[in-house]
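Novice: okay, here's the prediction I keep looking at, along with the sequence it came from:
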Amino acid sequence: MAQYRKRRIAHGPNKNEEKVRRGQEAETRSRSTSLGERFPAVDRLILELTVTAPQDGSVERSTRDISADQGCELTLGCPGRCGRGVFDLAAMVTAAVEAKNPAATGAAVCQEPFLPGLPDVCGVKVDCRLTITFKP
Ligand SMILES: [Zn+2]
């Protein structure tokens, strides 16, 4: 009699899992660092976030007002159906700070698939408006 044994093939972490892990690490790191430690030239940072869901067009707005002594959290977990997307705002903030740009805007779309193996992506869009007050 032939032996039949179901085997799970051990997969390494896929791309998405790695991406999420990096996002979580970035979040942990930014929580432990204050805005002033991370960006010494910055006195205050205001992030205005507008999250648009593609399925029903619902819009959610939030504002983060961060002063120099507060922890600067520069990631945003995707509120969409993917359940695991992470928007990383750090690159945008860093670019604006380095350019001494007191106001900047940016946008990102969540590229996480709804279900593994399907081509449909989450598609939640985040628009971000930055207002930076530099130290005199
Ligand atoms: Zn998403």
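Specialist: That came through fine.
Novice: in this structure, which residue is closest to the centre?
Specialist: The structure's the chain has its C-alpha centroid closest to residue 87; by C-alpha atoms, centre = their mean the separation is 1.9 Å.
Novice: ok, residue 106 - contacts?
Specialist: By C-beta atoms under 8 Å, 6 or more residues apart in numbering, the contact list for residue 106 reads 89, 92, 127, 128, 130. (C-beta placed from N, C-alpha, C; glycine too.)
Novice: hey, where'd the strands end up in the protein?
Specialist: For the chain, the strands defined by DSSP state E cover 42-52, 59-67, 75-77, 86-88, 103-109, 125-134.
Novice: do the longest one and the ion meet?
Specialist: Okay, so that is strand 42-52. No. Strand 42-52 lies apart from the ion when judged by C-beta under 5 Å from the ion; the minimum separation is 9.9 Å.
Novice: could you do the fourth one as well?
Specialist: No. Strand 86-88 lies apart from the ion when judged by C-beta under 5 Å from the ion; the minimum separation is 8.7 Å.
Novice: quick check: buried residues in stretch 77-89?
Specialist: Going by neighbour count (16 or more other C-beta atoms under 10 Å), the buried part of stretch 77-89 is 78, 79, 80, 81, 82, 84, 85, 86, 87, 88, 89.
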